[in-house]
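> model this:
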Amino acid sequence: MEKTRILLPNVPLENVEDLNSLRLFAFSIETLALKVSTFSLFILLSTHFTHIKPYTLLLNKHKDSKMKKFLTIASILTIGLFFTACGGSSDKQGFSKSGKAGSLAVTYSSSKPLVVGDNTIDVKIMNHGKALTGAKVDFKIFMPEMPGMPYMEEIKTLKENGGSYSGNINLSMSGTWQVKIFVEKDGKKYKHSSSVIL
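The predicted model follows:
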């Protein structure tokens, strides 16, 4: 099963540990939802194929129609959580993040989910609704030094291609990567800050 990725914009360096805790919390919530949904689906399948209704006694004790409606809605919601949890763990559509670099609108994306190793990044820059062309665009990723791990950094000058800028970025390990996108055009400089959690 592919690891779930959580993407958070504009994350300060001092909150890296908090983000890692948040990632573990989110993973725990998803795991719990998957377990609950799987159990509910098992109950429904058992009812369908064996005609055994584990909740019959409960319905007999609570004839009120509101209770029946509640149980019906609860069953539907748990099935929804099951498919949501399964679907969320197999993101095949890559990712896209947007933000500002001064007066410019910046979007960086990948057609595939980010992985440890090489990733093709595409950056689109808009200036008042029009694509910014002829600019120098540098894409920087880095991970701050941590106990037992040195500072890591990579900077790439992206190539312009049809109104956008693209290049290959290597993410050497899982974790929180800080992102800086530097744009220079006609002597003016812009910077966009963001982050991704792999």
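> for the protein, just list every one of the strands.
In the chain, the segments counted as strands under DSSP state E are 95-101, 104-110, 117-127, 130-131, 136-143, 152-157, 159-161, 164-171, 176-185, 188-197.
> which other helices and strands contact the longest one?
Spelled out, that is strand 117-127. Packing partners of strand 117-127 (3 or more C-beta pairs under 8 Å, 6 or more residues apart in numbering; DSSP states H and E): strand 104-110, strand 136-143, strand 164-171. (Each C-beta comes from the backbone N, C-alpha and C, glycine too.)
> got the contact list for the residue nearest to Met149 when sequence neighbours are not counted?
Once flanking residues are discounted, Met149 sits nearest to Met143: 7.8 Å by C-beta to C-beta, 6 or more residues apart in numbering. Residues in contact with Met143 (C-beta atoms under 8 Å, 6 or more residues apart in numbering) are Met149, Tyr151, Met152, Glu153, Met173, Gly175, Thr176, Trp177, Gln178.
> beta partners for the fourth one?
Meaning Glu153. Assessed by DSSP bridges, Glu153 has beta-bridge partners Phe142.
> I'd say it and Lys140 touch.
Yes - the criterion here is C-beta atoms under 8 Å, and Glu153 meets it with Lys140 at 7.0 Å.
> give me the more crowded residue out of those two.
Between Glu153 and Lys140, counted using other C-beta atoms under 10 Å, the more crowded position is Lys140 (16 against 13).
> ok, the more buried one touching Met152?
No - under the criterion of C-beta under 8 Å, Lys140 makes no contact with Met152, lying 11.4 Å away.
> let me see the mean pLDDT of stretch 166-175.
Taken as a whole, stretch 166-175 has a mean pLDDT of 94.
> before we move on, back to that, now the contacts of Met143: which count as buried?
The neighbour-count criterion (16 or more other C-beta atoms under 10 Å) marks Met152, Gly175, Thr176, Trp177, Gln178 among these as buried.
> which two among those are spaced furthest apart?
Farthest pair in the buried ones among the contacts of Met143 (C-beta to C-beta) is Met152 and Thr176. Separation: 11.4 Å.
> could you check how far the closest residue to Glu184 other than its chain neighbours is from Ile125?
Nearest non-adjacent residue to Glu184, counting by C-beta to C-beta, 6+ apart: Lys136, 4.4 Å away. Shown here: Lys136 relative to Ile125, a distance of 11 Å by C-beta to C-beta, to the nearest Å.
> where does the protein dip in pLDDT?
For the chain, the stretches with pLDDT under 70 are 1-92.
> domain assignment for it?
13-88, 95-197 (automatic domain parsing).
> beta partners for Ser164?
According to DSSP bridges, beta-bridge pairing links Ser164 with Asn161.
> okay, now it: neighbour count?
19.
> tabulate the contacts of Met143 (a markdown table), appending distance to Ser111.
Formatted as a markdown table, these follow (distance: C-beta to C-beta, whole Å):
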| residue | distance to Ser111 |
| --- | --- |
| Met149 | 30 |
| Tyr151 | 29 |
| Met152 | 25 |
| Glu153 | 25 |
| Met173 | 22 |
| Gly175 | 23 |
| Thr176 | 23 |
| Trp177 | 19 |
| Gln178 | 23 |
